[in-house]
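1. got a predicted structure plus its sequence, pasted below:
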Amino acid sequence: MVEREHWHPVALCEAVREAPLAAALLQQPLVLWRDGQGAVHAWADRCPHRGARLSLGQVCAGRLECPYHGWQFDSQGQCVQVPALPGFVPPASHAARTYLCREQYGLVWVRMAASHAAAPPPFPAFAAEADAQLRKLNCGPYDVAVSAARVVENFLDMAHFGFVHAHWLGSRDAAQIADYAVHSTPTGILATGCKAWQPQSNRHATSAAEVEYTYEVTAPFAAVLTKLPDPHSVPASVTASVPASAGADAYRESIALFICPLEPDSSRVWFRLAVADFASTDQQLRDFQHTIFTQDQPVLESQSPKRLPLDVRAEAHTAADKASSAYRRFLSQQAITFGVIP
């Protein structure tokens, strides 16, 4: 399954503390834990001895201990102690199943299989992360009863703004979608020149304005939107912290969508914000994002089928759906099978 070769988020970094944490990815239970140096690890949540869940155990002196018989495993997954046999030296076969793991964007990411391709899938990019002038924070997780691909497609879709997000990101009286450009990229697609008339494009907006969007799919189940509002709609509370020499581009903000595909028809979703708003509290920014996504969620979960059909004949399409149609073609080209209908 090619999805195992990609990087996927599984938990917030701050959620992995002293005790082991149970997680899941691609229908597989995981255990996340930190060793004595604070490095995070992701393993199959199964002891190789009798199959007990390692996430029910504890960390002892930088080792993960099984809750059933107390077997202890070092940071490489090798069993190094069997309490029932103090003099026993466990062989290499007495080892937990380990996965590649890293921390990025405030999330723990896991890659379950090494790539056999000449150029392995890259780690999902989020260019705004490097912009020191933008404030970053995570929102979520949200557990959603629909496939990861359906969530990405909804993220790319502007035609629903005036109906699902009426009075916020759109208006039913201004639902027309102007033409925009879509390009294929090595990691997915790039949609540029996307424009929407929005009553309230962000938490501080006090008047309606046209907002320009750029969408980029950076991995099968990850995407980034960048939006540039009309600078005249940006309130004084925000402009006060931005140098006058910075120009309108200073108000550009990005939102990354990072999804953990749990089951073919269920997902765990995080958003990573990179915004110029330093006036709001973390909770206020999260509350705004929460409002928007919980407007999406019931509609997403109502979609049938819950898995995304890739055959163009399975659902009707229009020119306003160019980005989602290109995304479906990308998934087909990448041989993605999890959460989709070929």
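-> That came through fine.
2. dump the residue contacts of residue 122.
-> By Cβ atoms under 8 Å, 6 or more residues apart in numbering, the contact list for residue 122 reads 186, 187, 219. Where C-beta positions appear, they are placed from N, C-alpha and C, glycine not excepted.
3. any regions of this protein where pLDDT drops low?
-> 115-118, 200-207, 229-251 (pLDDT under 70).
4. where does the residue lying farthest from the centre of it land in three-state SS?
-> Within the chain, residue 87 marks the point farthest from the mean C-alpha position, 45.8 Å out by Cα atoms, centre = their mean. Judged by DSSP: H, G, I helix; E, B strand; the rest coil, the three-state class of residue 87 is coil.
5. phi, psi of it?
-> With angles defined as degrees, to the nearest 10, residue 87 sits at phi -90, psi 0.
6. separation between residue 22 and residue 4?
-> Using Cβ to Cβ, to the nearest Å, residue 22 is found at 19 Å from residue 4.
7. coming back round to it: which of the contacts of residue 122 fall within strands?
-> residue 219 (DSSP state E).
8. in which helix or strand does the residue nearest the centre of the chain reside?
-> Nearest residue to the geometric centre of the chain (Cα atoms, centre = their mean): residue 258, 0.9 Å. Following DSSP states H and E, the helix or strand that holds residue 258 is strand 253-263.
9. what's the following helix or strand past that strand packed up against?
-> Downstream of strand 253-263, the next assigned helix or strand under DSSP H and E is strand 266-275. Counting by 3 or more Cβ pairs under 8 Å, 6 or more residues apart in numbering; DSSP states H and E, the packing neighbours recorded for strand 266-275 are strand 8-12, strand 135-144, helix 148-156, strand 253-263, helix 282-302.
10. quick one: closest of those to residue 171.
-> For residue 171, the closest of the helices and strands packed on strand 266-275 is helix 282-302, at 14.1 Å, according to Cβ to Cβ.
11. show me the beta-bridge partners of the closest residue to residue 174 other than its chain neighbours.
-> Among residues not flanking residue 174 along the chain, residue 197 sits closest, at 4.2 Å (Cβ to Cβ, 6 or more residues apart in numbering). Following DSSP bridges, residue 197 is listed with bridge partners residue 210.
12. tally of neighbours for residue 197?
-> Counted with other Cβ atoms under 10 Å, the neighbours of residue 197 add up to 19.
13. can you pull the contacts of it?
-> By Cβ under 8 Å, 6+ apart, the neighbours of residue 197 are 170, 171, 174, 208, 209, 210, 211.
14. 10 Å - rerun?
-> By Cβ atoms under 10 Å, 6 or more residues apart in numbering, the residues touching residue 197 are 161-162, 169-171, 173-176, 178, 208-211.
15. and these, which is closest to residue 100?
-> Closest to residue 100, out of all of these and judged by Cβ to Cβ, is residue 169, at 36.8 Å.
16. from residue 261, how far off is the spatially closest residue to that closest one that is not a sequence neighbour?
-> Nearest residue to residue 169, sequence neighbours excluded (Cβ to Cβ, 6+ apart): residue 161, at 4.4 Å. Separation of residue 161 from residue 261 (Cβ to Cβ) stands at 26 Å.
17. same deal with residue 194?
-> Distance from residue 194 to residue 261, by Cβ to Cβ: 26 Å.
18. tell me which of the two has more neighbours.
-> More neighbours surround residue 261 than the other of residue 194 and residue 261, with 25 against 22 (other Cβ under 10 Å).
19. could you pick out the buried ones from the contacts of residue 197?
-> Buried residues within those, counting neighbours by 16 or more other Cβ atoms under 10 Å: 161, 162, 169, 170, 171, 175, 208, 209, 211.
20. I'd say residue 78 and residue 92 touch.
-> Yes - using Cβ atoms under 10 Å, residue 78 is in contact with residue 92, at 7.0 Å.
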